[in-house]
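[1] Below: sequence and its predicted model.
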Amino acid sequence: MDEDRIETRAVHGGERRPGPEGSVVYPIYQGTVYSVPSGTDYHDLRYLRLNSTPSQSYLHDKLASLEGAEAGLATASGMAAISTALHSVLRSGDHLLVGDCLYGGTHDFLT
């Protein structure tokens with residue numbers, strides 16, 4: 001198996017071995033509730049809206065593998081992607097120059 005081929009990465013990239021519960025093919029968790037032990041750090045929570053469920057982590061790892069990146073992230077919408085990207089590079093007091101023809105949601109977000 002040539003791990004550098006896009007076909008191989010599309011099928012097997014980003015997989016953690018062994019899979020949960022010994023699975024050979026990574027399961028997709030459509031929905032569940034996770035127990036949270038007392039004292040669990042916020043960043044260790046498994047929660048759908050935090051992009052931290054096992055299926056989401058698997059998707060992120062798959063995207064990173066396909067793109068040859070250190071990490072990947074999937075968002076629920078283009079606006080979520082835009083705001084995430086901007087929040088990751090801009091700090092309070094920074095200035096941003098943008099064109100005069102913007103998607104309305106992006107304009108509202110920036111103003």
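    That came in fine, so what should we check first?
[2] From one end of stretch 26-37 to the other, what's the distance?
    25 Å (Cα to Cα, to the nearest Å).
[3] Give me the buried positions along that stretch.
    Y26 (16 or more other Cβ atoms under 10 Å). Where C-beta positions appear, they are placed from N, C-alpha and C, glycine not excepted.
[4] I'd assumed I28 was in contact with S55.
    Yes: the criterion here is Cβ atoms under 8 Å, and S55 meets it with I28 at 5.3 Å.
[5] what's the overlap in contacts for these two?
    When Cβ atoms under 8 Å, 6 or more residues apart in numbering defines a contact, no residue borders S55 and I28 alike.
[6] How is this structure divided into domains?
    1-74, 81-110 (the TED database).
[7] so what's the nearest residue to Y58 once chain neighbours are set aside up against?
    Once flanking residues are discounted, Y58 sits nearest to Y26: 5.4 Å by Cβ to Cβ, 6 or more residues apart in numbering. Going by Cβ under 8 Å, 6+ apart, Y26 touches E15, R16, G19, P20, Y58.
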